[in-house]
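Asker: Provide a 3D model corresponding to the input given below.
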Amino acid sequence: MESPRVDVSKNRSDLRSLSIVRKLKIFNVGDIMDEHVIEALGKAKVKVKNGKVVEVGEPKIDYCPIFDKYRGIKKFTPETVKENIEFRIEAFGMCTEDRTMRMEDFLSFGVSETLTTLIEEGEIDAVVSVCEGCGTVVLTEPDLVQGTGGRVSGLVSTCPIDKLMEEIGLDKVLDPENASIDQIAGTLKAIEMGFNRIAVTIVSADDALKLREIEAEHDGVNIFIFVAHVTGMNEKNALTIFDNADVVTGCASKYIRQIGLEKEYFVAGYSIPIFGVTEAGKRFLKLRIKKIGGIKDKKNAKIPKPLI
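Answerer: Residues are numbered from 1 along each chain as shown. Coordinates of the predicted model:
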């Protein structure tokens with residue numbers, strides 16, 4: 001299915017109008033709201049304002065093998081979290097208008113990498129994802145799927161950044177005025193755009209239930225649910241996730257890992273396991289494994305500590 005054509009001139013005109021509207025809402029001259037809240041390393045809450053890290057909370061776990069491997073971080077502390085976020089801002093402009101939006105694979109195996117492969121292989125038509133400066137977006141280009149999701153942690157809230165919305169295409173942004181995050185509304189938008197095979201990234205059990213309701217209400221629409229950022233999820237929600245999702249990342253979640261292994265779902269990787277829950281989810285993960293020539297992760301690989 002071809003992606004809807006983007007009227008760039010119209011996007012730019014609309015963006016100028018939105019920019020004027022937002023400035024009229026500012027009470028103090030020059031006091032333009034630019035605040036982004038993410039849950040980063042160890043699910044520590046981080047606030048970035050005007051391109052600067054202004055607040056860092058306490059990490060909920062101490063160690064993650066991915067950050068050890070790629071950044072040499074042996075223990076999460078507010079200081080190491082701050083340093084890593086500052087590195088991301090410097091390296092690819094995270095949470096700023098200098099953000100690099102299109103990227104190649106970062107990890108050999110992750111949600112964004114798998115979704116990128118599915119777009120490339122024609123398995124899905126669109127991805128409902130989230131990007132700072134844009135909020136919920138509907139993506140159809142592989143390098144945008146990877147670029148927006150590959151190197152950013154859980155986004156809690158964000159503010160509009162016109163340049164980034166223009167890069168994606170204003171018609172693919174759910175709420176250009178506010179950059180709101182709403183994966184349910186984003187999925188309905190994708191359906192309205194004419195997409196039938198839609199992958200949606202979510203972080204909550206409630207969203208998984210709502211997405212299955214939407215799928216049941218729309219004949220011919222298949223929704224593939226990808227769940228990430230599950231560290232700290234309780235057992236009840238973990239069970240709901242497995243009852244509804246197609247692909248689930250283990251992160252540092254005690255219950256996701258426990259349930260996924262006990263029920264013997266297809267699993268890729270050991271450090272950060274990714275479970276293929278449904279037949280579709282299993283097929284998706286196998287496609288990614290085939291593309292990268294297998295997984296090198298060993299059964300005795302290091303895991304996050306502690307699992308919560």
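
Asker: Quick check: Ile191 vs Leu211, distance?
Answerer: As judged by Cβ to Cβ, to the nearest Å, Ile191 and Leu211 stand 11 Å apart. All C-beta atoms are positioned from the backbone trio N, CA, C, and that covers glycine.

Asker: same check, this time on Ile223
Answerer: 5 Å.

Asker: which neighbours do those two share?
Answerer: Common contact partners of Ile223 and Leu211 (Cβ atoms under 8 Å, 6 or more residues apart in numbering): Thr187, Val200.

Asker: Residue ranges in this protein under the pLDDT threshold?
Answerer: 1-32, 106-107 (pLDDT under 70).

Asker: Look up the closest residue to the residue nearest the centre of the chain, ignoring the ones flanking it.
Answerer: Nearest to the mean C-alpha position of the chain, counting by Cα atoms, centre = their mean, stands Gly149 at 4.7 Å. Excluding the flanking residues, the one nearest Gly149 by Cβ to Cβ, 6 or more residues apart in numbering is Ser112, at 3.7 Å.

Asker: how many neighbours does that neighbour have?
Answerer: Residues within reach of Ser112, counting by other Cβ atoms under 10 Å, total 25.

Asker: Tell me if I am right that it is in a helix.
Answerer: Yes. Assigned with DSSP: H, G, I helix; E, B strand; the rest coil, Ser112 falls within a helix.

Asker: neighbours of Asp219, just the number please.
Answerer: Asp219 has 7 nearby residues by other Cβ under 10 Å.

Asker: ok, it to Asp125 distance?
Answerer: 16 Å.

Asker: now do Asp246
Answerer: Counting by Cβ to Cβ, the gap from Asp246 to Asp125 is 15 Å.

Asker: Who has more neighbours out of the two?
Answerer: Asp246 (24 against 21).

Asker: In contact with the more buried one, which residues?
Answerer: Asp246 makes contact with Phe224, Ile225, Phe226, Gly276, Val277, Thr278, Ala280, Gly281, Phe284 under the criterion Cβ under 8 Å, 6+ apart.

Asker: Look at the third one and give its secondary structure.
Answerer: Right, Phe226. From three-state DSSP, the assignment for Phe226 is strand.

Asker: Tell me how many other residues crowd it.
Answerer: 25.

Asker: cool, and the fourth one?
Answerer: Taking other Cβ under 10 Å as the neighbour definition, Gly276 ends up with a count of 23.

Asker: Which residues are in contact with it?
Answerer: Asp246, Val247, Tyr265, Phe266, Val267, Ala268, Lys282, Arg283, Phe284, Leu285, Lys286.

Asker: Using CSV, list the CA coordinates for whichever strand or helix holds the last one.
Answerer: Think Lys286. For Lys286, the host element (DSSP states H and E) is helix 279-292. Taking Å, rounded to 0.1, in the frame of the first residue of the first chain, the C-alpha atoms of helix 279-292 are listed here in CSV:
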residue,chain,number,x,y,z
GLU,A,279,1.7,-16.4,15.5
ALA,A,280,2.1,-13.0,13.9
GLY,A,281,4.5,-11.8,16.6
LYS,A,282,6.5,-15.0,16.3
ARG,A,283,6.8,-14.6,12.5
PHE,A,284,7.8,-10.9,12.9
LEU,A,285,10.7,-11.8,15.2
LYS,A,286,11.8,-14.6,13.0
LEU,A,287,11.9,-12.2,10.0
ARG,A,288,14.2,-9.9,12.0
ILE,A,289,16.4,-12.7,13.1
LYS,A,290,16.7,-13.9,9.5
LYS,A,291,17.6,-10.3,8.3
ILE,A,292,20.5,-10.0,10.8
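
Asker: re the thing from before, can you flag the buried ones in the contacts of Gly276?
Answerer: Among these, those buried by neighbour count (16 or more other Cβ atoms under 10 Å) are Asp246, Val247, Tyr265, Phe266, Val267, Ala268, Lys282, Phe284, Leu285.

Asker: Identify, from these, the entry nearest to Val54.
Answerer: Val247 (34.3 Å; Cβ to Cβ).

Asker: partner residues bridging that closest one?
Answerer: Phe226, Gly276 (DSSP bridges).
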